[in-house]
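Colleague: Build me a structure from this.
(4 chains)
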There are 2 protein chains.
Amino acid sequence: MGRRNQHSREELAGLALDAAAAIVERDGPAALSMREVARRVGYTVGALYMVFINLDDLIVRLNERTVAELALSLDAVNRKSRAPEQRLRLLTAAYLGFALLHTHRWRLVFEHRLPDGQHAPPSYRGHTAGIFKLVSENLRAILPRTEAAAIDEYAIALWAGVHGLCMLAVTGKLQAGGPASVQRLLDLLVGRFVPDPAPRSRRPQRTGSRVPV
Amino acid sequence: MGRRNQHSREELAGLALDAAAAIVERDGPAALSMREVARRVGYTVGALYMVFINLDDLIVRLNERTVAELALSLDAVNRKSRAPEQRLRLLTAAYLGFALLHTHRWRLVFEHRLPDGQHAPPSYRGHTAGIFKLVSENLRAILPRTEAAAIDEYAIALWAGVHGLCMLAVTGKLQAGGPASVQRLLDLLVGRFVPDPAPRSRRPQRTGSRVPV
DNA sequence: GCATATAATTGAACACTGATCAATTACAGG
DNA sequence: CCTGTAATTGATCAGTGTTCAATTATATGC
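Modeller: Numbers count the residues shown, from 1 in each chain, chains lettered A, B, ... in the order given. Predicted coordinates for the structure are as follows:
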């Protein structure tokens, strides 16, 4: 049948992304197909190609949503405390929590490769930058005497570490036990990027006090 | 045509894995198919199913090879120095180098999901454990007064961080520039797990940390 | 040397996939 | 009511993983 106009283009795209998210969440990225999405939204494959360039495009836009959701979640968590170090720990916990809750969708963000040299849309990078900013701002609050460029490096290294830990945890490639012990490792990582915790006096020059117990 | 017996089963499997590695290396994991592998080794798809259970099995065994190669490479690099901290830096450099050199194959190791609850073969875990041991041994040499359990946690956190950094770097999801700056971040990360946090130390390292393994 | 059994190998088949596009259909404007 | 336009379909193409009856080359027994 021809033109139904039951849904506008944006609506159809939205429904399709909803369906895609549900499929991925339920049965993993391998189960995601144009035909299955079409089936779920009650349209035919051809209709989807009015709204998406191809499957890659659909995936990229799904990932965009996922990253937006993640950024929103981290932003909310960041407001729950005023202490920068506490905030960092909350952020890592939220990141791990999101990865554990939406494992398939989260993995799809990082494991989907778009062909050739084309890369993700600017809005995607925007959300990424937003997350990065949360980390770097808290790090700056903790290390006020460190210059901005160094803070940025710290933030990248720290967050890449958090990400790696979460990824290995989520994919079962970590011999560590449950989520609790992963959070322990995350805290350990954060601890390494933060000056000596409370009990000891702050002595940035001497190295002896940094020996962990 | 029937039985040729030009190659034994193991030989055929070896040839197929060679071909698979070449395909993945050249055109990425998406280009890897049973038919393409068969074409390259001069056999038909059916023949491959004598030697592999399915495509997943082929991929797992390819990944096994990749991890073995990586473990070998890291082991070799570890012998190039006696100073534990230097060793750690060399290990990170070698890890990054491998990821950059064999990007597609390396990504396949970490991005391939095998269905349901089945997981990688024991030999795979063996290589992984071997790599982990290199890290933890060097960490123990650096932190002689730290108990074993804590060392293990440090090693996991550190190496997950290194892994995350390399993964983000290799997938272009790091705004950092070239390999040199990634290595800077890796050094920064190692520096955070090593007593002297200052990146540039004026004096040579303390003799206490030079304890060989 | 020849028949036979055995194991390797093929190639066609099935059910799926992404993607394209002529044909069809429903709606809006005149 | 008609007509043009835009949405939607469904068939089609080339590709995929996987299975399996049929075929064939080799090794073995006689």
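Colleague: What mean pLDDT does stretch A:151-168 get?
Modeller: In this model, stretch A:151-168 has an average pLDDT of 93.
Colleague: Any idea how far it is from the middle of the chain?
Modeller: 11 Å (Cα atoms, centre = their mean, to the nearest Å).
Colleague: Quick check: closest non-adjacent residue to A:Glu85.
Modeller: Leaving out its chain neighbours, the residue that sits closest to A:Glu85 by Cβ to Cβ, 6 or more residues apart in numbering or on different chains is A:Val194, at 5.3 Å. Just so you know, the C-beta spots here come from the backbone N, C-alpha and C atoms, and that holds for glycine as well.
Colleague: Next, the buried residues of stretch A:65-82.
Modeller: The neighbour-count check on stretch A:65-82 (16 or more other Cβ atoms under 10 Å in any protein chain shown) flags A:Arg65, A:Thr66, A:Val67, A:Glu69, A:Leu70, A:Ala71, A:Ser73, A:Leu74, A:Asp75, A:Val77, A:Asn78 as buried.
Colleague: tell me the pLDDT at the residue nearest to A:Glu85?
Modeller: 86.
Colleague: how about the residues of chain A near chain B?
Modeller: Within chain A, the positions lying close to chain B (Cβ under 8 Å from any Cβ of the partner chain) are A:28, A:30, A:107, A:110-111, A:113, A:115, A:119, A:128, A:153-154, A:156-157, A:160-165, A:167-168, A:171-176, A:184-185, A:188-189, A:192-193, A:204, A:207-208, A:210-213.
Colleague: Of these, keep whichever come out buried.
Modeller: A:28, A:107, A:110-111, A:128, A:153-154, A:156-157, A:160-165, A:167-168, A:171, A:173-174, A:176, A:185, A:188-189, A:192-193, A:207, A:210, A:212.
Colleague: so of those, which ones are in helices?
Modeller: Among those, DSSP state H puts A:107, A:110-111, A:128, A:153-154, A:156-157, A:160-165, A:167-168, A:185, A:188-189, A:192 in helices.
Colleague: I'd say A:Val41 and A:Ala16 touch.
Modeller: Yes: at 5.5 Å, A:Val41 and A:Ala16 qualify as touching, with contact defined as Cβ atoms under 8 Å.
Colleague: residue ranges with poor pLDDT in chain A?
Modeller: A:1-5, A:176-180, A:196-213 (pLDDT under 70).
Colleague: what sits against the residue nearest to A:Gly161 when sequence neighbours are not counted?
Modeller: Distances taken as Cβ to Cβ, 6+ apart put B:Gly161 closest to A:Gly161, at 3.0 Å, once the chain neighbours are dropped. Neighbouring residues of B:Gly161 by Cβ atoms under 8 Å, 6 or more residues apart in numbering or on different chains: A:Ala157, A:Ala160, A:Gly161, A:Gly164, A:Leu165, A:Leu189, B:Leu189.
Colleague: ok, 7 Å please
Modeller: Residues counted as contacts of B:Gly161 (Cβ atoms under 7 Å, 6 or more residues apart in numbering or on different chains) are A:Ala160, A:Gly161, A:Gly164, A:Leu189, B:Leu189.
Colleague: Next, format these as JSON lines and append distance to DNA strand D.
Modeller: As requested, the contacts of B:Gly161 are exported to JSON lines (distance: Cβ to the nearest atom of the strand, whole Å):
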{"residue": "A:Ala160", "distance to DNA strand D": "33"}
{"residue": "A:Gly161", "distance to DNA strand D": "35"}
{"residue": "A:Gly164", "distance to DNA strand D": "29"}
{"residue": "A:Leu189", "distance to DNA strand D": "38"}
{"residue": "B:Leu189", "distance to DNA strand D": "38"}
